[in-house]
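Participant: Model the following, please.
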Amino acid sequence: MFNFYSFKGPVTSSLKLGTFVGGQTTQNNNFKAKPPASYPMRNPFAEILQLLHQKNERLALVRYEDMQKIGMQPKSLPEFNTVINLFSKLNKPQEARDQLVLMKEKRIIPDTSVYNIFLDMYAKLEKPAESIKVIREMKENGVAPDRVSYNSIIKMYSRQYEPKIAEQVFKEMKAQGVTPCLFTYNALVGIYAKMKLSKEALLIVKDMKQQGIKPDLVTFNALINLFSKLLQPDQVSLLISEIKKNENLKPDVITYTAIIDMYSKLKKPEEVMLKFHEMKAQGLRPNIITYTTIIDMYGKLGNYTNALLIYSEMKEKGIRPDVATYTTLIEIYSNMKDKKVELEFVKKQIRERGIDITLTQPQKPMPLLRPEEEYQKRRKKREEKRTRVANEFENRK
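Facilitator: Numbers count the residues shown, from 1 in each chain. Next up is the predicted model:
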């Protein structure tokens, strides 16, 4: 069983809050400074919270900075909760920790919701050592981890492809009397599906059903993706039948894309196009992964005309090619030249069908939407790679 106290890491933590002997949680919503007239709400912290619910972190940060300029600081647990949540959404762990220091100075004891914000933040940042410190701090201060706490830890280890540790945390969760929910089970099913561990995934689903929790579309999609990667169409068909039995569930783009990928690997273009047209008939819009999968299939089968037709349709739908799409097209054009296939003949066939085959020009990187420095670096790197491959494609055609 997973034991948080057995974790081999630094005993001290930057989140250490100490023991608050006789401390009372301060609940004071009265501010000495009058909020500026620009605030439409009586309590500016309530406005920040509302902006966070609207996923407008930038404006929430501007509001908080305006409050600081006039000397307005959080004074109660809910207000600190809001500010810490703000910095968590912005992936700013140092600023969030600074708020904990202020809480200690004001002798305000963090509750489960505050700790859960940190757990969620560290899970997204994939920092297991920091998450373990938070859990240990909770126990040392008499704050019991709840379902949200354990779910954050399980989700983090799922993202890191650590199924054994994730399942140990799951067992610890149940041993502490915390009931797993649908999210918990889906996180475990998801990691086993990604690692192609069908036996373990099905055992989790079995346990899930025994607890009276019904699988949802996320559960089914994970299993369909699993058996699609294992190239087991019979198992996939059974799962689709089970989905259709439930009036509240319908296959979505993820479902169809996984099935299309399976049939493309099985080199069954008829089945691929059958599912492709079926999903469009259901009002679902194929995404970039769907189109790239079909283009790649036709390229490997040597059917370059159909590959370029699918690419042309993708363009007409306004779907922007990514690195994988351009890489696939480069390979197709290379094969066409190696096999002395006349490119103009293929283009002529397509034009006769009234379809524009003009290739997409590389676009400038999209504007960044979030202020995190690390996020900016990753986004810029992805855009540079996409543009580089797109330029290579244009030169090769």
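Participant: surely Ile213 meets Thr184?
Facilitator: No: Ile213 is beyond contact range of Thr184, at 9.1 Å (criterion: C-beta atoms under 8 Å). C-beta coordinates here come from the backbone N, C-alpha and C atoms, glycine included.
Participant: now the helices: where do they sit in the stretch 1-150 of the chain?
Facilitator: In the stretch 1-150 of the chain, the helices defined using DSSP state H, counting those that start in this stretch lie at 44-53, 57-69, 77-89, 93-105, 112-124, 128-140, 147-159.
Participant: still on that earlier bit, of Ile213 and Thr184, who's got more company?
Facilitator: Higher neighbour count among Ile213 and Thr184: Thr184, with 24 against 18, using other C-beta atoms under 10 Å.
Participant: could you dump the helices of the stretch 1-150 of the chain to a markdown table with mean neighbour count?
Facilitator: What follows is the helices of the stretch 1-150 of the chain, written out as a markdown table (neighbours: other C-beta atoms under 10 Å):
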| stretch | mean neighbour count |
| --- | --- |
| helix 44-53 | 19 |
| helix 57-69 | 16 |
| helix 77-89 | 22 |
| helix 93-105 | 16 |
| helix 112-124 | 22 |
| helix 128-140 | 19 |
| helix 147-159 | 22 |
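Participant: Provide the backbone phi and psi angles at Leu230.
Facilitator: Per-residue torsions, Leu230: phi -80, psi 0 (degrees, to the nearest 10).
Participant: count of neighbours near it?
Facilitator: The number of residues packed near Leu230 is 14, by other C-beta under 10 Å.
Participant: dump the residue contacts of it.
Facilitator: For Leu230, the contact set (C-beta atoms under 8 Å, 6 or more residues apart in numbering) comprises 196, 198.
Participant: shouldn't Asn116 be in contact with Ser152?
Facilitator: Yes: in terms of C-beta under 8 Å, Asn116 counts as a neighbour of Ser152; the distance is 6.7 Å.
Participant: From Tyr311, how far out is Val178?
Facilitator: 50 Å (C-beta to C-beta, to the nearest Å).
Participant: neighbour-wise, which of those two wins?
Facilitator: More crowded of Val178 and Tyr311, by other C-beta under 10 Å: Tyr311, with 26 against 18.
Participant: Just the local confidence number for that one, please.
Facilitator: Predicted confidence (pLDDT) for Tyr311: 87.
Participant: Next: Leu284.
Facilitator: On pLDDT, Leu284 comes in at 92.
Participant: repeat for Lys209
Facilitator: Looking at Lys209, its pLDDT reads 92.
Participant: Not counting its neighbours along the chain, what's nearest it?
Facilitator: Take Lys209 and drop its neighbours on the chain: the residue closest to it by C-beta to C-beta, 6 or more residues apart in numbering is Pro215, 7.4 Å away.
Participant: can you pull the contacts of the one you found?
Facilitator: 205, 208-209.
Participant: That one in helix, strand or coil?
Facilitator: The three-state assignment at Pro215 reads coil, by DSSP: H, G, I helix; E, B strand; the rest coil.
Participant: Quick check: the gap between it and Ile224.
Facilitator: Here the criterion is C-beta to C-beta. By it, Pro215 lies 11 Å from Ile224.
Participant: hang on, the earlier thing: so which of the contacts of Pro215 belong to helices?
Facilitator: 205, 208-209 (DSSP state H).
Participant: closest to Asp120 among these?
Facilitator: Among the ones in helices among the contacts of Pro215, Met208 lies closest to Asp120 (C-beta to C-beta), at 22.8 Å.
Participant: burial count for that closest one?
Facilitator: Neighbour count for Met208, taken as other C-beta under 10 Å: 21.
Participant: what about it, distance to Met195?
Facilitator: Using C-beta to C-beta, we find Met208 at a distance of 18 Å from Met195.
Participant: mind giving me the domain ranges of this protein?
Facilitator: 27-109, 310-397 (automatic domain parsing).
Participant: Going by mean pLDDT, which of those comes out lowest?
Facilitator: Taking the mean pLDDT of the domains of the chain, domain 310-397 comes last: a mean of 62.
Participant: Now do Gly71: how many residues are near it, please.
Facilitator: 9.
Participant: Can you list phi and psi of it for me?
Facilitator: Backbone dihedrals for Gly71, given as degrees, to the nearest 10, come out at phi 80, psi 20.
Participant: residues contacting Lys300?
Facilitator: Lys267.
Participant: Tell me which helix or strand it sits in.
Facilitator: Secondary-structure assignment from DSSP states H and E places Lys300 in helix 288-301.
Participant: give the contact list for the closest residue to Met208 other than its chain neighbours.
Facilitator: Closest residue in space to Met208, ignoring its immediate chain neighbours: Tyr185 at 4.3 Å, by C-beta to C-beta, 6+ apart. Counting by C-beta under 8 Å, 6+ apart, Tyr185 touches 204-205, 207-208, 213, 219.
Participant: biggest separation within the residues you listed, which pair?
Facilitator: Checking those with C-beta to C-beta, the most distant pair is Asp207 and Thr219, at 12.2 Å.
Participant: What average pLDDT does the helix or strand harbouring Phe220 get?
Facilitator: Secondary structure assignment for Phe220, by DSSP H and E: helix 217-229. Helix 217-229 shows a mean pLDDT of 94.
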